[in-house]
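Trainee: give me the fold of what follows.
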Amino acid sequence: MIGAQALIGSLVSAGVDTCFMNPGTSEMHFVSALDTVPEMRGVLALFEGVATGAADGYARVAGRPAAVLLHLGPGLANGLANLHNARRARSPIMTIVGGHATGHVRYDSPLQSDIEALARTVSGWVHTCGTTRDLAQDAMRAVAAARRGQIATLVLPADVSWSDGAAIAPPRPVPSPEPADADQVKVVAGLLAPGSARPADLARPADLARPADLARPADLARPADLARPADQARPAGSADPARPAAMLLLGGTALTERGLAAASRISAATGARLLAETFPARMEGGAGIPAVNRLAYLAEHAEAQLTGLDHLILAGARAPVSFFGYPGRPSDLVPAGCTVTVLAEADQDAQTALEQLADQIAAETPPVLARAGRSVVTPGPLTASTLASAIAASLPEHAIVSDEANTSGVALPQALACAPRHTLLTLTGGAIGQGLPVATGAAVAAPDRPVLALEADGSALYTIQALWTQAREQLNVTTVLLNNAAYAILRMELARTAAGEAGQRASRMLDLSDPTPGFAEISTGMGVPATRVHLAEDLDRALRRAYAEPGPHLIEAMMSR
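Mentor: Below is the predicted model of the structure:
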């Protein structure tokens, strides 16, 4: 068989049966081979950033590699931003980049570029296949590398794809998660043994005063991730302030149901505080799951959450740093004098490490679970608060929420804490334009689950083409497009970076009006039915209608400014 047929057949045998793609001339034999290997599902995207973001969403939800097919170096370059997000999410993705035929490379034709150099900016494994004979084996090495939680990029020259002499290669064994070091579990147990840590209610972030000189922009509500869900009980224990204060910072597999339950047991038994990383790749939440706040995005709010710590214990997360450097502010958010101890690295089995730790120091302690409680819609114009109430009130059971709401979503975490059980996917790498593609891939991976995409207007314009793929594949994605006609996050950052007041010319760089995009019309043009709402009660009704009907829908939510 030709190389492309062996490649696709080997991928399918290894459990990689979905490929998101935006192909070109160099990839035509791969595309043609889809007819001879019907087990491979090809999903077309109109832009490479949609294809790479969808592969990320698929991998996060399915828990196994997705494939993505791109056209030469420029196609890879167009997809890099969402591959950056996927790298930060540790998503298993096999990226196949078509290359010029090997005999054509020496002519330096217009689309010739250094594909491997581009790929290495986001990939943990990169290889250019040299012969058709080796192609399937190279693909199996790529899949094995991707399964280790990284992007594996295989460059596929066109002649390697079209030539005869290939054969199916057997899949390689699926690696087990690397266990955390048993000695580290014992070290952390010594730090957190009952009676050695100050109870969480002595230094609860919501009780900490915000420095007077750190003015919060008037249009932003108090960040929900500084507030403790009302139904999350504080661990019992002594109020002796001389005892050291400890916190578990959770990321990766620590944010699964198992990981959160174990962490909650530890917190309840020892008084250690819990916090999740700011932008988790996947986090379980809602009723029946321990409610855990997330590290705040703004550095000054994160500092308040971390104030007073003596021990910071990392379970699948990295030590906290600010997203940007600011004049006169530290980038390292670990408080002075606080020790940092690693329970499990990001590439290790953090949920099992937490369970082992819980069995040692909290054997008789149950987790504290969020109680079910339907939010009541707050009627009136759409603000961060009323938006959150409508989203929480209408959320279906077992929904997948792709959250790129940005500034409009500050009240969502608290509102969703007691909503029906759901899975949260967030903007892991901070490169905007992720939300719609990730929702698309998640819906392909879990067709039986409703998917909600919460998408800011500025971010949506990066990858709005995802709507077309949702329409073509008839995916159950409901998008709430949050239209405030501005890059609101940049308005806030202008003040925080001490860049001065925005004059008329600068303000135009932070504004999306004149003209204001009409997302309902754009959506309809992409084949996704759309409606526009101005009030929270109308959003609630529109969401319930969308969830009840199959296929994609878009609701343009006109936010009050």
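
Trainee: strand partners of the helix or strand hosting residue 249, parallel vs antiparallel please.
Mentor: Residue 249 is part of strand 246-250 when elements are defined by DSSP states H and E. In its sheet, strand 246-250 lies beside strand 273-276 (parallel), strand 311-315 (parallel), with partners assigned from DSSP bridges.

Trainee: tell me the first helix or strand C-terminal of that strand.
Mentor: Counting by DSSP H and E, the next helix or strand C-terminal to strand 246-250 is helix 257-270.

Trainee: compute the inter-axis angle for that following helix and strand 311-315.
Mentor: Between helix 257-270 and strand 311-315, the angle comes out at 160 degrees (axes from the mean of the first three to the mean of the last three CA atoms, to 10 degrees).

Trainee: chain center to helix 257-270, what's the gap?
Mentor: 23 Å (CA atoms, centre = their mean, to the nearest Å).

Trainee: circling back to that earlier point, can you give the contact residues for the strand holding residue 249?
Mentor: Contact partners of strand 246-250, identified using CB atoms under 8 Å, 6 or more residues apart in numbering, comprise 191-192, 197-198, 259-260, 263, 266-267, 270-277, 292, 295, 306, 309-317, 319-320, 343, 350, 354. In short, each C-beta sits where N, CA and C put it, glycine included.

Trainee: what's the longest helix in this protein?
Mentor: When every helix of the chain is counted residue by residue (DSSP state H), the longest turns out to be helix 72-89.

Trainee: pull the helix or strand that comes right after it out as CSV, backbone CA atoms only.
Mentor: Later in the chain than helix 72-89, the nearest helix or strand by DSSP H and E is strand 93-99. The C-alpha coordinates for strand 93-99 follow below in CSV (Å, rounded to 0.1, in the frame of the first residue of the first chain):
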residue,chain,number,x,y,z
ILE,A,93,-1.8,15.5,20.1
MET,A,94,-0.2,14.0,17.0
THR,A,95,0.4,16.8,14.5
ILE,A,96,1.0,15.7,10.9
VAL,A,97,2.5,18.4,8.7
GLY,A,98,2.7,17.8,5.0
GLY,A,99,6.0,18.7,3.4
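
Trainee: helix 72-89 and strand 93-99, what's the angle between them?
Mentor: Between the axes of strand 93-99 and helix 72-89, defined by the same axes, to 10 degrees, the angle is 170 degrees.

Trainee: helices and strands around strand 93-99, which ones?
Mentor: Counting by 3 or more CB pairs under 8 Å, 6 or more residues apart in numbering; DSSP states H and E, the packing neighbours recorded for strand 93-99 are helix 48-62, strand 66-71, helix 72-89, helix 115-120, helix 132-146, strand 151-157, helix 158-162.

Trainee: what's the closest of the ones you listed to residue 467?
Mentor: helix 48-62 (9.4 Å; CB to CB).

Trainee: report all helices and strands that that closest one contacts.
Mentor: By contact count (3+ CB pairs under 8 Å, 6+ apart), the secondary structure elements abutting helix 48-62 are strand 18-21, strand 66-71, helix 72-89, strand 93-99, strand 422-426, helix 435-445, helix 466-473.

Trainee: after the lowest-mean-pLDDT helix or strand in the chain, next one along is what?
Mentor: Taking all helices and strands of the chain together, the one with the lowest average confidence (mean pLDDT, DSSP states H and E) is helix 488-496, at a mean of 72. Note on helix 488-496: by DSSP H and E, the next helix or strand toward the C-terminus is helix 504-508.

Trainee: neighbouring contacts of that next one?
Mentor: residue 494.

Trainee: and it, which residues are buried?
Mentor: Using 16 or more other CB atoms under 10 Å as the test for burial, helix 504-508 gives no buried residues.

Trainee: quick one: average pLDDT of it?
Mentor: Mean per-residue pLDDT for helix 504-508: 83.

Trainee: what's the answer for stretch 35-47, then?
Mentor: Throughout stretch 35-47, pLDDT has a mean value of 97.

Trainee: that one: how far from the chain's middle?
Mentor: Averaged C-alpha coordinates place stretch 35-47 at 24 Å from its chain's average position (CA atoms, centre = their mean).

Trainee: mind listing what's buried in that stretch?
Mentor: Residues of stretch 35-47 classed as buried: 37, 40, 42, 43, 44, 45, 46, 47 (neighbour count, 16+ other CB under 10 Å).
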